[in-house]
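**Student:** any chance you could fold what I've pasted below:
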Amino acid sequence: MAKENITIDDLAVMVQKGFNDVTSKMTTKVEMKAEFDAVNKRFDKIEKLILTDHKKRIEKLEDEIKEIKGLLAIS
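**Tutor:** Predicted coordinates:
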């Protein structure tokens with residue numbers, strides 16, 4: 001097996017390529033985090049809408065039960 005001679009320039013190119021790959025991956029990670037943050041905000045909004053709707057429905061049911069109890073004279 002022949003030994004390959006690597007010059008300083010070849011080594012510099014390899015190191016630079018490695019740094020470029022790392023930088024690219026870091027950029028992708030930052031972009032993904034931003035997108036996940038946006039998705040989480042959307043889920044939070046949906047959750048708040050659902051909870052608000054459930055709260056209103058529960059309050060309405062409680063009022064109706066009070067009314068029924070009043071009509072039946074149940075305490």
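
**Student:** backbone phi and psi for Asn5, please?
**Tutor:** For Asn5, the backbone dihedrals are phi -90, psi 130 (criterion: degrees, to the nearest 10).

**Student:** which stretches of the protein form helices?
**Tutor:** Remark: helices assigned in the chain by DSSP state H are 8-72.

**Student:** where in it is pLDDT low?
**Tutor:** 1-2, 75 (pLDDT under 70).

**Student:** let's see that with 90 instead.
**Tutor:** Within the chain, the stretches with pLDDT under 90 are 1-30, 73-75.

**Student:** what about Ile65, how many neighbours?
**Tutor:** 11 (other C-beta atoms under 10 Å). Yep, even glycine has a C-beta here, placed from its N, CA and C like the rest.

**Student:** try Asp10
**Tutor:** Burial of Asp10 is recorded as 11 neighbouring residues (other C-beta under 10 Å).

**Student:** how close does it sit to Asp21?
**Tutor:** Distance, Asp10 to Asp21, by C-beta to C-beta, to the nearest Å: 17 Å.

**Student:** for Lys29, same thing?
**Tutor:** Applying C-beta to C-beta, the value for Lys29 to Asp21 is 13 Å.
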